[in-house]
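Novice: next comes the sequence, and after it the predicted model I'd like to discuss.
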Amino acid sequence: MERECTFTLALKVYQSFGVISPTVRATRALDAKSTGVKRVTCYADVVEYDDSAPFDFSVQYIMTEPD
């Protein structure tokens, strides 16, 4: 393909054991790279998440032609 993006998502979830109940927290890392023959602008962002439910999140991926 001439224009192509590679999107990478990393989700790390940490659990700690509290006195009353366990605590879960997450970190999310995104990367977007142009990997095709012709350059494009690649963008990735976490647009919605809930820290109380670390696996519940939405990611927006955008690929546009450069100006």
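Specialist: Noted; the coordinates are in hand. Numbers count the residues shown, from 1 in each chain.
Novice: quick one: the nearest residue to Lys38 once chain neighbours are set aside from Ala26, how far?
Specialist: In space, not counting the residues next to it along the chain, Lys38 is nearest to Glu2; the distance is 4.6 Å by Cβ to Cβ, 6 or more residues apart in numbering. Every residue, glycine included, has its C-beta placed from N, CA and C. Glu2 sits 36 Å away from Ala26, going by Cβ to Cβ, to the nearest Å.
Novice: go on, Ala53?
Specialist: Distance, Ala53 to Ala26, using Cβ to Cβ: 9 Å.
Novice: more crowded one of those two?
Specialist: The residue with more neighbours, out of Ala53 and Ala26 and counting by other Cβ atoms under 10 Å, is Ala26; that gives 17 against 10.
Novice: tell me how many other residues crowd the closest residue to that one other than its chain neighbours.
Specialist: Ranked by Cβ to Cβ, 6+ apart and with sequence neighbours excluded, the top spatial neighbour of Ala26 is Pro54, at 3.3 Å. Here the neighbour count serves as a burial measure; for Pro54 (other Cβ under 10 Å) it reads 18.
Novice: isn't Pro54 right next to Thr23, touching?
Specialist: No - using Cβ atoms under 8 Å, Pro54 is not in contact with Thr23, being 10.5 Å away.
Novice: so for the residue in the chain sticking out farthest from the centre, what's the pLDDT?
Specialist: Going by Cα atoms, centre = their mean, the residue of the chain most distant from its centre is Val19, 31.6 Å out. On pLDDT, Val19 comes in at 80.
Novice: for Thr6, same thing?
Specialist: As summarised for this prediction, Thr6 has a pLDDT of 95.
Novice: what's the spacing between the nearest residue to it once chain neighbours are set aside and Ser21?
Specialist: If the residues on either side of it in the chain are set aside, Thr6 comes closest to Thr35, at 4.5 Å by Cβ to Cβ, 6+ apart. Thr35 sits at a distance of 43 Å from Ser21 (criterion: Cβ to Cβ).
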